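S.K.: need a structure here:
(one chain, ligands or ions: 2)
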Amino acid sequence: MDDIARERANSKLNTVEITNLLFGGEFIVQRMGEIRGMITSDPALQMRGYEFLDREDKYDRSVKLSTYLLKTKLSELGINHYLEKVQFFRESLGTVPPFDFTERIFYNTVNGQGTQEQKDKWLPLAGSGKILTCYAQTELGHGTFVRGLETTATYDSTTQEFIIHSPTLTSTKWWSGCLGIAATHGIVVARLITNGEDKGTHNFIVQLRSMENHEPLKGVIIGDIGPKFGFVEKDNGYARFDHFRIPRDNLLMRFARVDPDGTYTRRLSSKLGYGSMVQLRAFITFNTFEALARGTTIAIRYSVVRRQTQNRPGALETQLLDYTNQQFILIPLLATTYALYFVARRIIALLGETQAQLEQDNLTLLPEMHASSAGLKAVSTTAVSQGIEACRIACGGHGYSQSSGFPELYSNISASMTYEGDNNILLLQTARYLLKMVNELSHNPNHPLSDNVKYLTDNNCIHRPYSLIFTSSQQQLSLYRGMVRASVHRAHARVLDGEKRGLDTFDAWNQAAPELIQCAEAHTYYVIAKSFIESLEMSGVTNMCFENQRIMKKLSDIFSLHYMLQKSGVFIESGVIHGSDLVELREVLVSLFAEIRTEAVSLVDAFNYPDFVLRSVLGRKDGDVYRAMWDWVQDNPRNKHPDGVHPVYHKYVKQLLASKL
Ligand SMILES: CCCCCCCC/C=C\CCCCCCC/C=C/C(=O)SCCNC(=O)CCNC(=O)[C@H](O)C(C)(C)COP(=O)(O)OP(=O)(O)OC[C@H]1O[C@@H](n2cnc3c(N)ncnc32)[C@H](O)[C@@H]1OP(=O)(O)O
Ligand SMILES: Cc1cc2nc3c(=O)[nH]c(=O)nc-3n(C[C@H](O)[C@H](O)[C@H](O)COP(=O)(O)OP(=O)(O)OC[C@H]3O[C@@H](n4cnc5c(N)ncnc54)[C@H](O)[C@@H]3O)c2cc1C
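M.R.: Ligands and ions are numbered 1, 2, ... in the order given. Here you go, the predicted structure:
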């Protein structure tokens, strides 16, 4: 039996049960499998040789296939449900789609910010691909500071139109995906000016290109911003507007409207205009689960197939995963993957509740939703970007080849630390919320608190427990509560201290940024650890077999305790553990790793990625990695010159070799 088959044979887990839990049940998993069958049986959708294409060829391929899918394949195969379409697109293209279809930012913005009339008009067009869309908010000069955007939308009541204009170079829209080449329409975020008054940024639907010949409309200048760190073929673009006119009812008017005479009215909060960012941040957390699931699948499968160094005479070389250093890297990442799955479910559920409240004009959940989605987006994208890079390094030299799948996985996920809000900025938003709660409590000790910040009034968690049991979930939560509570108070004290020293509000806040970011990160890790522990009690988990439940608990322990070890300084500074506890903490972790070691392959198998989706020679399900690497390099055009001589020889090298010294 080969190594990977033996790993599976030795596993006591019911992998199918875990897959069903992760993807929403047996029926959905079966349907995912059917869709995968449709993709693999279509010769037009094969990825072989993809890594050797250049930027233009990759873009050509993704547009050609997307058009084929939208026009022919989806209807032919009866794929109508949005999530099925997303799966079909992502897995058949094998790369980020060229149209704003799966990100759906335009669609979601109209859905969240538009009136019923606007939704009736635009959603069917955007949802079917009859118009191609983008979301153009960021400008050359401003991304983070949305209130500083410069593009103007000035209302002209004589024609009942808005005039979209880019008054400066820095007001040029920049970065928007699909804007460079494909999009016919976009959400353009611009300052609304009516009756001479600037009402701040609002969302407008702007047609960018002709529906007849795709030329940019007069008054719109569009282009592609060029190759990037990742998302190689994607047409992230720029746009400038020269007094470009759009109809009045292209302002999304659910929360803010302009009447024909130019009268402006706003409902509820100006922050509702930021709704699409909040929504996407919640979904990005789910996306990070998927990305790390891919990374750990590749690295863990490879680590049981790869043997390196004969450590005992006559014995086989050791499997990489039997090295404790390899376990210290990969097993916490495996635990993090599961932790992210559970917390992503929660934040998406909270999003649903917030949206349902909003239907009743109730904004109660909005601050918590904003703070939690911002913190989770930041923590999850940073953890996963660093985690995927760690997986790559754990695969040695072969991890660095495009054939491993890591370069594309890493370069794409690393963008998520920036898009939808730079991670430091988002953590500062979470910190702002936490400090606001502290201030509220100082005025009113009975101020209502959401469950995730109740630690601020919990006096039971502030000391080290007399008898410390690291594997007790309740103790883990108590240690986290004490640590986060102390961190939040430290950040608060630092701001107050600045103010006492005579600093103005900005300076007092700015000099406290390291503490603020630290407390927001700590709070978010607490939220993730808590959600993992609480999820162990939910029916999806408690219905699983004993062994699955046992291993889920171990993963939850590893997630909580590994962060505790990494940030032990903060836990010690907060007084909830002592430096002398770290020896035991490390021992507990090592023994937990040993237990997960034997189930690691099954735990990544449960993510259910077939080889054609994973696109990694190292992560192959059958473990036949060396054969796969050999086959992969045979597709390299550089190896396809019949005489084995590359044309550069005839062009340059021949003369060089012929020249005398
Ligand atoms: C099941 C379905 C599956 C679907 C699968 C699809 C999943 C796809 C997932 C991933 C695929 C990845 C695809 C890649 C696509 C990438 C596309 C990228 C797009 C973009 O990047 S768009 C541009 C995004 N830009 C930003 O995020 C900008 C960041 N800046 C800001 O958000 C804000 O300007 C700010 C928050 C930093 C500051 O704003 P402002 O100055 O106005 O606010 P403050 O003064 O700081 O605070 C005032 C007040 O407002 C509250 N506030 C702030 N923001 C919000 C908000 N969004 N909502 C609610 N409230 C908000 C803040 O807390 C303050 O409140 P208090 O005064 O303290 O009460
Ligand atoms: C792949 C990709 C796709 C994108 N797609 C889109 C899209 O479709 N549509 C769109 O509109 N935009 C898009 N963007 C833009 C993206 O949203 C912005 O780049 C992002 O919001 C960060 O803004 P910025 O680039 O202005 O960074 P900056 O704000 O210039 O940040 C640079 C650094 O300064 C720090 N900093 C900035 N302001 C502060 C502050 N107030 N306090 C403390 N520190 C600060 C940040 O932490 C960061 O480290 C995309 C970006 C990428 C990389």
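S.K.: Doesn't residue 193 lie inside a helix?
M.R.: No. With DSSP: H, G, I helix; E, B strand; the rest coil as the criterion, residue 193 is located in strand rather than a helix.
S.K.: list the contacts for it?
M.R.: By Cβ atoms under 8 Å, 6 or more residues apart in numbering, the residues touching residue 193 are 152, 153, 154, 155, 199. Where C-beta positions appear, they are placed from N, C-alpha and C, glycine not excepted.
S.K.: Which one (most neighbours) among those residues?
M.R.: Highest neighbour count within these, by other Cβ atoms under 10 Å: residue 153, with 28 neighbours.
S.K.: Let me know the helix or strand that that one is in.
M.R.: strand 152-156 (DSSP states H and E).
S.K.: Can you list the strands that that strand pairs with?
M.R.: strand 161-165 (antiparallel), strand 185-194 (parallel) (DSSP bridges).
S.K.: To ligand 1, which of those strands lies closest?
M.R.: Across the strands paired with strand 152-156, ligand 1 has its closest neighbour in strand 185-194 (8.3 Å, Cβ to the nearest ligand atom).
S.K.: What mean pLDDT does the strand holding residue 153 get?
M.R.: The pLDDT scores in strand 152-156 average 98.
S.K.: what does it rub up against?
M.R.: Contact with strand 152-156 is made by 161-165, 167, 188, 190-195, 202, 204, 245-246, 248, 251, 258, 262, as judged by Cβ under 8 Å, 6+ apart.
S.K.: Out of the strands paired with strand 152-156, which one sits most buried?
M.R.: Ranked by mean neighbour count, the strands paired with strand 152-156 are led by strand 185-194 with a mean of 24 (mean count of other Cβ atoms under 10 Å).
S.K.: Quick one: mean pLDDT for that strand?
M.R.: 98.
S.K.: Nearest to the spatial middle of this structure, which residue is it?
M.R.: residue 284 (3.4 Å; Cα atoms, centre = their mean).
S.K.: Look at that residue and give its secondary structure.
M.R.: Assigned by three-state DSSP, the conformation of residue 284 is helix.
S.K.: The closest residue to it other than its chain neighbours: which element?
M.R.: In space, and not counting its chain neighbours, residue 284 is closest to residue 377: 5.1 Å by Cβ to Cβ, 6 or more residues apart in numbering. Per DSSP H and E: residue 377 is located in helix 366-394.
S.K.: Torsion angles phi and psi at residue 206?
M.R.: When read as degrees, to the nearest 10, the backbone of residue 206 gives phi -130, psi 130.
S.K.: Ignore what I typed, I meant residue 470.
M.R.: phi -60, psi -30.
S.K.: That one against residue 583, yeah?
M.R.: No. The criterion here is Cβ atoms under 8 Å, and residue 470 misses it with residue 583 at 11.4 Å.
S.K.: ok, back up a step: pull the distance from the strand holding residue 153 to the chain's centre.
M.R.: 35 Å (Cα atoms, centre = their mean, to the nearest Å).
S.K.: three-state assignment of whichever residue of the chain sits closest to ligand 2?
M.R.: Nearest to ligand 2, among the residues of the chain, is residue 143, at 2.2 Å (Cβ to the nearest ligand atom). With three-state DSSP as the basis, residue 143 sits in coil.
S.K.: Now for it, how many residues are close by?
M.R.: Neighbours of residue 143 (other Cβ under 10 Å): 18.
S.K.: Does it touch residue 175 like I think?
M.R.: Yes. Assessed by Cβ under 8 Å, residue 143 is found in contact with residue 175 at 7.3 Å.
S.K.: need the residues of the stretch 401-550 of the chain near ligand 2, please.
M.R.: Residues of the stretch 401-550 of the chain lying near ligand 2 by Cβ under 6 Å from any ligand atom: 415, 418, 419, 421, 422, 424, 425.
S.K.: er, the chain actually
M.R.: Counting by Cβ under 6 Å from any ligand atom, the chain sits next to ligand 2 at 135-138, 142-144, 175-177, 231, 236, 415, 418-419, 421-422, 424-425.
S.K.: residue ranges for the strands of the protein, please.
M.R.: Using DSSP state E, the strands of the chain run over 133-136, 152-156, 161-165, 173-176, 185-194, 197-207, 220-224, 237-241, 244-247, 256-258, 264-266.
S.K.: show me what contacts the residue in the stretch 551-661 of the chain that ligand 1 sits nearest to?
M.R.: For the stretch 551-661 of the chain and ligand 1, the shortest gap (Cβ to the nearest ligand atom) falls at residue 613, measuring 15.1 Å. By Cβ under 8 Å, 6+ apart, the contact list for residue 613 reads 36, 91, 94.
S.K.: Narrow the residues you listed to those in helices?
M.R.: Among these, the ones falling in helices (DSSP state H) are 36, 91.
S.K.: Now neighbour count too, for the contacts of residue 613, in a markdown table please.
M.R.: Converted to a markdown table, the contacts of residue 613 look like this (neighbours: other Cβ atoms under 10 Å):
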| residue | neighbour count |
| --- | --- |
| 36 | 19 |
| 91 | 20 |
| 94 | 19 |
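S.K.: Compile the contacts of residue 613 into CSV and extend it with columns for distance to residue 572 and pLDDT.
M.R.: Output for the contacts of residue 613, formatted as CSV (distance: Cβ to Cβ, whole Å; pLDDT from 0 to 100):
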residue, distance to residue 572, pLDDT
36, 48, 95
91, 46, 92
94, 46, 85
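S.K.: Out of the contacts of residue 613, flag the one nearest to residue 466.
M.R.: Distance to residue 466 across the contacts of residue 613 (Cβ to Cβ) is lowest for residue 91, with 53.0 Å.
S.K.: Look up how far residue 85 lies from the closest one.
M.R.: 11 Å (Cβ to Cβ, to the nearest Å).
S.K.: again, but for residue 618
M.R.: Residue 618 is 30 Å from residue 85, where distance means Cβ to Cβ.
S.K.: So the two - more neighbours on which side?
M.R.: Between residue 618 and residue 85, residue 618 has the larger neighbour count (other Cβ under 10 Å), namely 28 against 18.
S.K.: For the closest residue to the more buried one other than its chain neighbours, give me the pLDDT.
M.R.: Nearest residue to residue 618 in three dimensions, chain neighbours excluded: residue 302, at 4.1 Å (Cβ to Cβ, 6+ apart). Each residue has a pLDDT score; the one for residue 302 is 98.
S.K.: residue contacts, residue 302?
M.R.: Contact analysis of residue 302 by Cβ under 8 Å, 6+ apart lists 320, 395, 398, 618, 619, 625.
S.K.: Kind regards, and thank you for your time.
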